[in-house]
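Engineer: Below is the sequence, then the predicted model.
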Amino acid sequence: MPPSITAREPRPDRDRLVRELVPPPRFDTERFSTYRPDPAQPSQGAAVQRLEAYAAGLAARVDDARGAGGRWWRRGSGKPQPSRGVYLDGGFGVGKTHLLASLWHAAPGPKAFGTFVEFTNLVGALGFAQTVEVLQGHRLVCIDEFELDDPGDTVLMATLLTRLAESGVALAATSNTLPDALGEGRFAAEDFLREIQALSARFDVLTVDGEDYRHRGSVQSPAPLSDGEVLERVEASGGVCDHFVDVTRHLAQVHPSRYRALLDGVGAVGWQKVRPVSDQMVALRLVVLADRLYDADIPVFASGHPLGELFTPELLRGGYRKKYFRALSRLTALAREGSGEVAHGQG
């Protein structure tokens, strides 16, 4: 029998949590030069040019700092000089994460890259003061998939970003416009700028238009496997296998900031007897796990209900629907990759 993920109780220290604030492995080799703007979408090429200039500006600040005795602000100013941040707004699958990762790769360090959820989890693990302490010495902090569906988390992140900006940290962020909100007055950008209030004047919004990921090919879940097939494929891949309910129970015992460590060395994940989730807290933990699985490109093998039915219709109509649709897209992509199909999930 393959090992169980429920036997894992990772306890990463502060240094590891901060050290892992880098782009996902699938973006290790991506750069501005590997991004292919759609000629039919001029905003994509314009975003590349603007971000390349932004990275060059950060490099110039480093040169200025060296001339000012190593300080990360202008000589004689007495305090950091915050630069305007950049915010990439667009639909699913138009390459915003690719662009944000390219900016991170092009910018001078120290620098950090993480999803909105990873930063809120970092605050949960370290506390607000320690999080500010470990990040305020960075030159760039990139926040992928800024989310507005939880007022408490939005205020927390707004406060964190304000403190970092006041310390002279450059900021860059992305957010997905909901597919059914595209074209409605740039819904995500307007909400983002309103919710972060004091930061709004420090961000330039870059629109990245493109074809919605749902029209790029099938995103239907592959047919569920049998329990035996899940076991066979997991054993062949050096993975872990569990009853789906056991996974959801174990996730409740592990802080979400540790989910990446939970998957250390795992070659594949097997879930037996998947069934729809109706509890919001259980669903949100699965969203975080789906993100970490996707980041690590770990195949998923599942029996029971199709992964596309993981969340109940009530959840998919609720306030966190954007997170749930992202998780479905990513889990479907990982399941299709595991089955040998070409995946068309969001990037």
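Structural biologist: It's in. This structure is a prediction, so every number in the text was calculated from the model and none was measured. Numbering: from 1, shown residues only.
Engineer: Tell me which helix or strand comes right after the worst-scoring helix or strand of the chain on mean pLDDT.
Structural biologist: Among the helices and strands of the chain, helix 187-195 carries the lowest confidence by mean pLDDT, DSSP states H and E, at a mean of 60. Tracing the chain past helix 187-195, the next element assigned as helix or strand by DSSP states H and E is strand 203-208.
Engineer: Please list the residues outside that following strand that contact it.
Structural biologist: Applying Cβ atoms under 8 Å, 6 or more residues apart in numbering, the contact partners of strand 203-208 are 41, 43-44, 46-47, 50-51, 84-90, 94-96, 99, 171, 173, 186, 189, 192-193, 196. For glycine as for every other residue, the C-beta is placed from the backbone atoms N, C-alpha and C.
Engineer: any idea how far residue 160 is from the residue most central in space within the chain?
Structural biologist: In the chain, the residue lying closest to the centroid (Cα atoms, centre = their mean) is residue 115, at 3.5 Å. The gap separating residue 115 from residue 160 is 14 Å, by Cβ to Cβ, to the nearest Å.
Engineer: what ranges do the helices span in the stretch 1-150 of the chain?
Structural biologist: Listed in chain order, the helices of the stretch 1-150 of the chain (DSSP state H, counting those that start in this stretch) span 14-19, 42-67, 96-106, 116-126, 128-135.
Engineer: Distance to residue 295 and mean neighbour count for those helices - can I get that in CSV?
Structural biologist: Written out in CSV, the entries for the helices of the stretch 1-150 of the chain read as follows (distance: least, Cβ to Cβ, whole Å; neighbours: other Cβ atoms under 10 Å):
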stretch, distance to residue 295, mean neighbour count
helix 14-19, 14, 15
helix 42-67, 21, 16
helix 96-106, 10, 23
helix 116-126, 9, 21
helix 128-135, 20, 16
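Engineer: just so I know, which of those lies nearest residue 26?
Structural biologist: Among the helices of the stretch 1-150 of the chain, the nearest to residue 26 by Cβ to Cβ is helix 96-106 (9.1 Å).
Engineer: How far does the closest one sit from its chain's centre?
Structural biologist: From the chain centre to the centre of helix 96-106 is a distance of 12 Å (Cα atoms, centre = their mean, to the nearest Å).
Engineer: pLDDT weak spots in the stretch 151-300 of the chain?
Structural biologist: The stretch 151-300 of the chain contains residues with pLDDT under 70 at 176-199, 212-219.
Engineer: Only the buried residues of stretch 300-307, if you could.
Structural biologist: For stretch 300-307, burial by neighbour count (16 or more other Cβ atoms under 10 Å) applies to 300-307.
Engineer: Check those residues against residue 164 and report the nearest one.
Structural biologist: Ranking the buried residues of stretch 300-307 by separation from residue 164, with Cβ to Cβ as the measure, puts residue 300 on top at 34.8 Å.
Engineer: In space, what's closest to the closest one - neighbours in sequence excluded?
Structural biologist: Across the structure, with Cβ to Cβ, 6 or more residues apart in numbering as the measure, the residue nearest residue 300 apart from its sequence neighbours is residue 334 (4.4 Å).
Engineer: Just give me the neighbour total for that neighbour.
Structural biologist: Under the neighbour criterion other Cβ atoms under 10 Å, residue 334 is assigned a count of 25.
Engineer: ok, now residue 297?
Structural biologist: Neighbour count for residue 297, taken as other Cβ under 10 Å: 12.
Engineer: let's have the chain start at 3 instead
Structural biologist: Done: numbering now begins at 3, and the last item shifts to residue 299.
Engineer: From residue 283, how far off is the nearest residue to it once chain neighbours are set aside?
Structural biologist: Excluding the flanking residues, the one nearest residue 299 by Cβ to Cβ, 6+ apart is residue 28, at 5.6 Å. As defined by Cβ to Cβ, residue 28 lies at a distance of 28 Å from residue 283.
Engineer: what's the answer for residue 297, then?
Structural biologist: Computed as Cβ to Cβ, the residue 297 to residue 283 distance reads 22 Å.
Engineer: With residue 264 instead?
Structural biologist: Counting by Cβ to Cβ, the separation of residue 264 from residue 283 is 17 Å.
Engineer: So which of these two has more stuff around it?
Structural biologist: Between residue 264 and residue 283, counting by other Cβ under 10 Å, residue 264 is the more crowded of the two (21 against 11).
Engineer: List the residues that contact that one.
Structural biologist: For residue 264, the contacting residues are 7, 10, 12, 256, 291, 294, by Cβ under 8 Å, 6+ apart.
Engineer: Quick check: the third one touching residue 266?
Structural biologist: Yes - here residue 12 lies in contact with residue 266, judged by Cβ atoms under 8 Å, at a distance of 7.0 Å.
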